[in-house]
Every structure is written in C-alpha cells, then in structure tokens.
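Visitor: coords below, sequence missing:
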C-alpha cells in the first residue's frame, strides 16, 4: 500500500528548490548547459601582451627562457640590487621567517661589534664605560700661543666654547672646528679647515707632537702651537684653565671663583655621572638592565635639579659658575637629540618648567647662542652614530629647541639666592 503520509516541511522545501531539475527531461538539461557555455565564450578573450606572445617558428622552451631572462633584466634595471634580489627570490611577499631570523641574529652580532668599538661597555653588565682622556690634566705652564680644537656636535667641546665666549677669550684663543667624517673620525673640510697645519684629520694634528700619538683623537683639545704639544683634552680641566687665563687678564666674570669651588665640585659630582654621562649611558647601554639603571639615575637627577632650580637662579646661588655651563651643554641637546636617539624618553626637557627656563636663561646670555649650532648638533648625532641610527634619517627638530622658544622670557631674574641653603637640602653631599 502506498504511503499516504505527506512530505514534511523539509521535503517540500527540497522539492520546490529542485523541482525544475527533477522534472526537466534530459534533453532540456543538455540544451541549458550548452547555452551557459556559449554565454561564457560570448566575449572573445583578450589578446596577450606583445612581450608574452611567442613569435612564429620559435620553440616554446626557447621562448620561455628568453621571456624569463627579459623579466629578470627588467626587475634588475628598475630596482636597487637588494630590492631586485628580494623580488627575484620571493616576489612581493614578505621574506621567509627563516631569513628574517637569520638577518636579525646577524644584525645583532654586527651591532654589538660596532658598539664595542664606538662605546666600550662592561662585558658582564652591558653598561657603557667612558674611555679616559689621553691628556687629562694641564701639565706645566703652556706658552701664549694656544689653539683650541672643537667639534660643534660634542657637548664636552661645547663647554670650552661657552667658557671662551663668556670670558671674552676669542681674540686670544683661536679655534679650529672639526666635523665628524664618514668613518666617525673628526675631520677638517674646506669650510672648516685646520687653522694651524692644514691637516685633513684631527688625528694628524695629534701626531704632530714630538712623541707621536696613539689613542683616541677627541675634542676638545687645547694645543700649544709653540711647543707643538697637546696641553689637555679633558673638557672640565680645559674650562678651568681658561677661567684662570681670564682671571690673570683681569676679566670681569669668574666662573671658577675660589669661594665657590667646593660647591661647584660637589654639583659636578652629581651632574657628570648622572646627567652629562648619564645620557650616554642610556644611549650606549648594551643590555636592558644597564639602560634601566642609567635612565632611572638620569631622571632622578633631573627631578632633583628641577626642584633645586625652582628656588634659585643658578646651581650655586645667584652667580653663574662652571657647574652651570657643564649642565647647560647637555640640557640644550636633550630634546634635540637625547630624548629620541638616546632613548631618554621618560620626560622631555620642555616638561620640566624650571630646567627649561634655566636653559633659556643661559642661552640668552651674550654670545652663548652663537655657540649653539642646532643643525650641526643634530647632524653630528643622527648621521654619524651609525649603530644607533643605521638609516641616517634626521628627524625634524622639536619646537622646544627653536630660537623662538629659546628666546622666550625666562622670568628667573627675581629668584632668590640659594646662599645659606645647605647643599644637602638639594640632595648634594
């Protein structure tokens, strides 16, 4: 007996959807497939580009070989060698993971090698260790024919330039300005020649001395032209020597007064390791632990300086001293270079109201701004320190470092003197 139970809902739906195919006779289905096929080929195929057409009589294998060669030539001609090689190896896709890993390990090894040459570090901790100056003190009494060698990007050389300008020693102390060469060595150019011997490299000037020279040809370097000898190449000692030179001439400004020398030395004991050298310890750290320690010490010192300078105009009270000059040459570079390139990123100098106003105060003193070549400073770091900036791309200078910002009123004239305030209150012992 036939089943009289009707189909369920799903069966009805299936029947409705497939009714045309189920009930269509075979001849109709055949004609329908033919009409679809004809519609697909109704539009004629587009012809191949001329360069992909095989000339009559040319064997297919030979045509493919020639086409492949021409493609390689086109890629090589339109790209630089490295890009062309990568396109040939894996087309437009990303490099294989194995290649990325190999390049990463290779680059890390090369970076560590370069960093060891550029910035020696503790092999156990990765902390930057500064190479001592080869001529750290002034020995004997130099002649009156002195010559100062500097580099504008260098904060240590900048100290000597600022002291020279503030004390009015320009006529007595001529200067030769070296620039960083492609190899990183201090060099001279037609625009910045060696004013004494016409040498091409600062190292060649060092080698003029009677005993020759082995070591690092650094700036600043004070040279005795009469004796053909290095007087000193330690920035703080050169600065103190210039202060004595100006005092002997009866100059008005004394950056190294006897009654404040103990305080200046104490402040320098804070500024040098934590700030002056602290930014380099951040930038040249070769381990995360070394960087963390340097950054913590740097910004801890800046916080203390911000608090101290909120109550007095200068570090030692109401008198500008050598300690202020040493701090200034790092602060003027902070947002310009150290904040980005050296990873001193916790705060910008512009976020320290007291320190930024203090920097503007010194910048606006007569002849100080002339010693601050912002373009030379940026180029000297971003285009020279290859391990830190392999691409050599120089960023735009921040607004806090342009002349309009630095020439804004600092409002520090009315600050009370810190005389009588113990240094311990400022965290200096």
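Guide: Looks like it came in fine. What you see is a predicted model, and the numbers here were worked out from it, not measured in a lab. Numbering: from 1, shown residues only.
Visitor: in terms of secondary structure, what does the helix or strand hosting residue 282 contact?
Guide: Taking DSSP states H and E as the definition, residue 282 sits inside helix 278-283. Packing partners of helix 278-283 (3 or more C-beta pairs under 8 Å, 6 or more residues apart in numbering; DSSP states H and E): helix 288-309. Quick note: C-beta positions are derived from backbone N, CA and C, even for glycine.
Visitor: what residues of the helix it packs on count as buried?
Guide: Buried positions in helix 288-309, judged by neighbour count with 16 or more other C-beta atoms under 10 Å: 290-291, 293-295, 297-299, 301-302, 305-306, 308-309.
Visitor: tell me the one of those residues nearest residue 258?
Guide: Proximity of those to residue 258 (C-beta to C-beta) peaks at residue 308, which lies at 22.7 Å.
Visitor: domain assignment for the protein?
Guide: Domain assignment for the chain by automatic domain parsing gives 146-248, 258-426.
Visitor: show me what contacts residue 149?
Guide: Contacts were defined as C-beta atoms under 8 Å, 6 or more residues apart in numbering; by that measure residue 149 touches 175, 176, 178, 186, 202, 205, 219, 220, 221, 222, 223.
Visitor: just these: which are in strands?
Guide: Of the contacts of residue 149, the ones assigned to strands by DSSP state E are 175, 176, 178, 186, 221, 222, 223.
Visitor: quick check, nearest of these to residue 316?
Guide: Distances from residue 316 to the ones in strands among the contacts of residue 149, taken by C-beta to C-beta, are shortest for residue 222, at 25.1 Å.
Visitor: show me the residues around that closest one that make contact.
Guide: Shown in contact with residue 222 (C-beta under 8 Å, 6+ apart): 138, 142, 146-149, 160, 230-233, 238, 241.
Visitor: ok, now with 10 Å
Guide: By C-beta atoms under 10 Å, 6 or more residues apart in numbering, the contact set of residue 222 is 135, 138, 142, 146-150, 160, 173, 230-235, 237-238, 241-242.
Visitor: residue 145 now?
Guide: Contact analysis of residue 145 by C-beta under 10 Å, 6+ apart lists 174, 196, 223, 224, 225, 226, 227.
Visitor: just those now: which is nearest residue 248?
Guide: Using C-beta to C-beta, those come closest to residue 248 at residue 224, 16.6 Å.
Visitor: what about that closest one, how many residues nearby?
Guide: 19 (other C-beta atoms under 10 Å).
Visitor: from what I see, it and residue 147 are in contact.
Guide: Yes: counting by C-beta atoms under 10 Å, residue 147 is a contact partner of residue 224 at 8.1 Å.
Visitor: quick check: neighbours shared by these two?
Guide: Listed as contacting both residue 224 and residue 147 by C-beta under 10 Å, 6+ apart are residue 231.
Visitor: low pLDDT regions in the stretch 301-429 of the chain?
Guide: Scanning the stretch 301-429 of the chain with the threshold set as pLDDT under 70 gives 416-429.
Visitor: also the stretch 1-150 of the chain?
Guide: Applying pLDDT under 70 to the stretch 1-150 of the chain flags the ranges 1-55, 57-80, 82, 85-95, 111, 117.
Visitor: and the strands in the protein?
Guide: For the chain, the strands defined by DSSP E cover 146-151, 175-180, 186-187, 221-224, 229-232.
Visitor: would you format these as a markdown table with distance to residue 268 included?
Guide: Putting these into a markdown table (distance: least, C-beta to C-beta, whole Å) gives the following:
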| stretch | distance to residue 268 |
| --- | --- |
| strand 146-151 | 20 |
| strand 175-180 | 24 |
| strand 186-187 | 25 |
| strand 221-224 | 19 |
| strand 229-232 | 17 |
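Visitor: any idea which of these gets closest to residue 96?
Guide: Among the strands of the chain, the nearest to residue 96 by C-beta to C-beta is strand 175-180 (37.7 Å).
Visitor: how big is the angle separating that closest one from strand 146-151?
Guide: Strand 175-180 and strand 146-151 are oriented at 30 degrees to each other (axes from the mean of the first three to the mean of the last three C-alpha atoms, to 10 degrees).
Visitor: for strand 175-180, which helices and strands make contact with it?
Guide: Using 3 or more C-beta pairs under 10 Å, 6 or more residues apart in numbering; DSSP states H and E, the elements in contact with strand 175-180 are strand 146-151, helix 155-166, strand 186-187, helix 202-206, strand 221-224, helix 374-382.
Visitor: and if we set it to 6 Å?
Guide: Packed against strand 175-180, as judged by 3 or more C-beta pairs under 6 Å, 6 or more residues apart in numbering; DSSP states H and E, are the following elements: strand 146-151.
Visitor: separation between the residue sitting nearest the centre point of the chain and residue 295?
Guide: Closest residue to the average C-alpha location of the chain: residue 341 at 3.3 Å, with C-alpha atoms, centre = their mean. Going from residue 341 to residue 295 by C-beta to C-beta, to the nearest Å gives 14 Å.
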